[in-house]
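A.B. asks: quick one, fold the following:
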Amino acid sequence: MSLTAHQFFRIVEIRTKIVSVSTLLIAHLYLLAQGFQLNLTNLILTVSAALLVDMGTTGFNTFFDYEHQVDHREHNREEDKVLVHQQVPPAYALLISAGLFTIAIVLGFILILRTGWPLLILGVLSLSAGYLYSGGPKPISRTPLGELFAGGFLGSILFFVVVLSQNVPISSGVILSSLPSTIFIAGILTVNNTCDIEGDAKAGRKTLSILLGYRLSKVLIYGEITLAYLIALLVSDIHLPRLLLVTVGWGVSVILIGRAISRGLSHQRKGPSMGAISKSFIVFTLTYAASLALEYLSS
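C.D. replies: Predicted structure coming up:
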């Protein structure tokens, strides 16, 4: 069976790469706002390697969710799950992920040679996390730490990779600036896992949404979005334009996800629910990016 481009992009869930693109954009804008000059070659290497690792991680997740019967015809109606609904051989997802990781490793070593060994540590951690998130004897995605883990690596850790790739040390300001992305990304996973409570429970998962239950998971989603915006506001000096920008962004994000929550977060409505949190995340990204751009232009 030949693999089509459509099936490849569904295996790696290309539409979800906006998450890593967001962190990459915000981290580079943060460096500019802080007065650092960006090395274009390192930027290209970092963005390419990060996206390859992200796609490979999703490919592994696609494979292991199928193997562990998390994605099953009985309780999965998502057409994007091509291993389930189009009978794509699971080995394809495994081979794709291994290939993407291999290319990322090559680009990563080039970047390490240009910057230094600290990136090696983060690179090894990222690749290991990419596999262990859904693979291994105790997949992290099946535990209550899944949201925080995914948010941490696609948020803060990726933010740190960008900073180190530009030969800038990690400081308390860098750590604080990375937290909004981490928290909002965790919120995206909370929406996803809340929609999948029924199927995940049948598959033996113990996600945070399962432990909290439907009602508290909704509260957590609102809390994650609000906290992400609050920290984004505190990253730089608070002045009226930034205050208005962040407040409006927060309001739009809450309204978008609030409508989805009011209609119900369920597997049957997972598509619209994930669409709502994705739009909310885009608003957050644009708000945070614009806030950093204001700082850069005013410096």
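A.B. asks: and Leu31, what element?
C.D. replies: helix 18-33 (DSSP states H and E).
A.B. asks: name the helix or strand of the protein that has the lowest mean pLDDT.
C.D. replies: Taking mean pLDDT, DSSP states H and E as the measure, the helix or strand of the chain with the lowest value is helix 82-85, at a mean of 63.
A.B. asks: OK, contacts around the residue nearest to Ser253 when sequence neighbours are not counted?
C.D. replies: Sequence neighbours aside, Ser280 is the residue nearest to Ser253 in space, at 4.1 Å (criterion: C-beta to C-beta, 6 or more residues apart in numbering). The way it works is simple: take the backbone N, C-alpha and C, and place the C-beta from them, glycine included. Neighbouring residues of Ser280 by C-beta atoms under 8 Å, 6 or more residues apart in numbering: 225, 252-254, 256-257.
A.B. asks: same check, this time on Tyr222
C.D. replies: 254, 257-258.
A.B. asks: and Ile26, by the same measure?
C.D. replies: Contacts for Ile26 (C-beta under 8 Å, 6+ apart) come out as 159, 177, 181, 285, 288-289, 292.
A.B. asks: tell me which residues in the next helix or strand after the helix holding Leu31 are buried?
C.D. replies: For helix 18-33, the following helix or strand on the C-terminal side (DSSP H and E) is helix 40-67. Using 16 or more other C-beta atoms under 10 Å as the test for burial, helix 40-67 gives 42-43, 45-47, 49-66.
A.B. asks: same check on stretch 190-205?
C.D. replies: Buried residues in stretch 190-205, counting neighbours by 16+ other C-beta under 10 Å, are found at 190-197, 199-200, 203, 205.
A.B. asks: look up phi and psi at Phe101.
C.D. replies: phi -60, psi -40 (degrees, to the nearest 10).
A.B. asks: what's the spacing between it and Arg10?
C.D. replies: 19 Å (C-beta to C-beta, to the nearest Å).
A.B. asks: for Asp54, same thing?
C.D. replies: Shown here: Asp54 relative to Arg10, a distance of 15 Å by C-beta to C-beta.
A.B. asks: pass me the low-pLDDT residue ranges in this protein, would you?
C.D. replies: Scanning the chain for pLDDT under 70 picks out 1, 68-87, 136.
A.B. asks: where do the helices of it begin and end?
C.D. replies: Listed from the start of the chain, the chain has helices (DSSP state H) covering 5-11, 18-33, 40-67, 82-85, 90-115, 118-132, 146-152, 158-165, 172-195, 197-202, 208-212, 214-234, 240-263, 270-298.
A.B. asks: which of those helices sits most buried?
C.D. replies: Sort the helices of the chain by mean neighbour count, taking mean count of other C-beta atoms under 10 Å, and helix 158-165 sits at the top with a mean of 25.
A.B. asks: what angle do that one and helix 118-132 make?
C.D. replies: Put simply, helix 158-165 runs at 150 degrees to helix 118-132, going by axes from the mean of the first three to the mean of the last three C-alpha atoms, to 10 degrees.
A.B. asks: packing partners of helix 158-165?
C.D. replies: Under the contact criterion of 3 or more C-beta pairs under 8 Å, 6 or more residues apart in numbering; DSSP states H and E, helix 158-165 touches helix 18-33, helix 40-67, helix 90-115, helix 118-132, helix 172-195.
A.B. asks: so who does Leu111 touch?
C.D. replies: So, once contact is read as C-beta under 8 Å, 6+ apart, Leu111 ends up touching 42, 45-46, 49, 119, 165.
A.B. asks: make TSV out of those and add distance to Thr143.
C.D. replies: Shown next, in TSV, are those (distance: C-beta to C-beta, whole Å):
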residue	distance to Thr143
Asn42	35
Leu45	33
Thr46	29
Ala49	27
Leu119	28
Ser165	30
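A.B. asks: relative to Ser171, which of those is nearest.
C.D. replies: Using C-beta to C-beta, Ser165 is the member of the contacts of Leu111 that lies nearest Ser171, at 15.5 Å.
A.B. asks: before we move on, back to that, closest to Ser209 out of the contacts of Ile26?
C.D. replies: Nearest to Ser209 among the contacts of Ile26, with distances taken as C-beta to C-beta, is Ser181, at 20.6 Å.
A.B. asks: distance-wise, check that closest one relative to Trp117.
C.D. replies: 25 Å.
A.B. asks: likewise for Leu189?
C.D. replies: Leu189 is 31 Å from Trp117, by C-beta to C-beta.
A.B. asks: check Asn39 too.
C.D. replies: Asn39 is 18 Å from Trp117, where distance means C-beta to C-beta.
A.B. asks: and the two? Which one has more around it.
C.D. replies: Asn39 (15 against 8; other C-beta atoms under 10 Å).
A.B. asks: one step back: of the contacts of Ile26, which is the nearest to Ile18?
C.D. replies: Nearest to Ile18 among these, with distances taken as C-beta to C-beta, is Thr285, at 7.7 Å.
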